[in-house]
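**Q** Predicted model, plus sequence, below.
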Amino acid sequence: MPYVNIKITREGATSAQKAELIKEVTHLLARVLDKNPATTFVVIDEVDIENWGVGGISVEELRKQNKSTNLSEKK
């Protein structure tokens, strides 16, 4: 009974995209590990970008920094 937890930032993944993730991960486990799709659980957690950190800062702050950098590069 596999359980897969996918965590993504909450930035507009559509219902169709999430459905495709669930479908394809289920198919992957069936194909690679011969797991029964009927007992395979896939959960998608969406995390606000201020609650997701990388490199010691939140993704929210990282995006602000990248936006500032991109704007100054265009000048």
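**A** Received it, and whenever you're ready, just let me know what you need. Numbers count the residues shown, from 1 in each chain.

**Q** what sits up against stretch 39-51?
**A** Stretch 39-51 has contacts (C-beta atoms under 8 Å, 6 or more residues apart in numbering) with 1-11, 13, 18, 21-22, 25-26, 29-30, 58-60, 63. C-beta coordinates here come from the backbone N, C-alpha and C atoms, glycine included.

**Q** Going by neighbour count, which of the residues you listed are buried?
**A** Thr9, Leu21, Ile22, Val25, Thr26, Leu29, Ser58, Val59 (16 or more other C-beta atoms under 10 Å).

**Q** quick one: average confidence on the host helix or strand of Leu28?
**A** Secondary structure assignment for Leu28, by DSSP states H and E: helix 15-33. On average, the pLDDT along helix 15-33 is 98.

**Q** by contact count, what packs against it?
**A** strand 3-9, strand 41-47 (3 or more C-beta pairs under 8 Å, 6 or more residues apart in numbering; DSSP states H and E).

**Q** Recalculate using a threshold of 7 Å.
**A** Contact here means 3 or more C-beta pairs under 7 Å, 6 or more residues apart in numbering; DSSP states H and E; on that basis helix 15-33 packs against strand 41-47.

**Q** I'd like to check the angle between the strand it packs on and helix 15-33, please.
**A** 140 degrees (axes from the mean of the first three to the mean of the last three C-alpha atoms, to 10 degrees).

**Q** Count the residues that sit near Lys67.
**A** When neighbours are defined as other C-beta atoms under 10 Å, Lys67 has 10 of them.

**Q** Then Thr40?
**A** Neighbours of Thr40 under the rule other C-beta under 10 Å: 19.

**Q** Can you check the pLDDT for it?
**A** We note a pLDDT of 98 for Thr40 in this prediction.

**Q** Against Ile22, how distant is it?
**A** Distance, Thr40 to Ile22, using C-beta to C-beta, to the nearest Å: 9 Å.

**Q** can you tell me the average pLDDT over stretch 43-54?
**A** Stretch 43-54 shows a mean pLDDT of 95.
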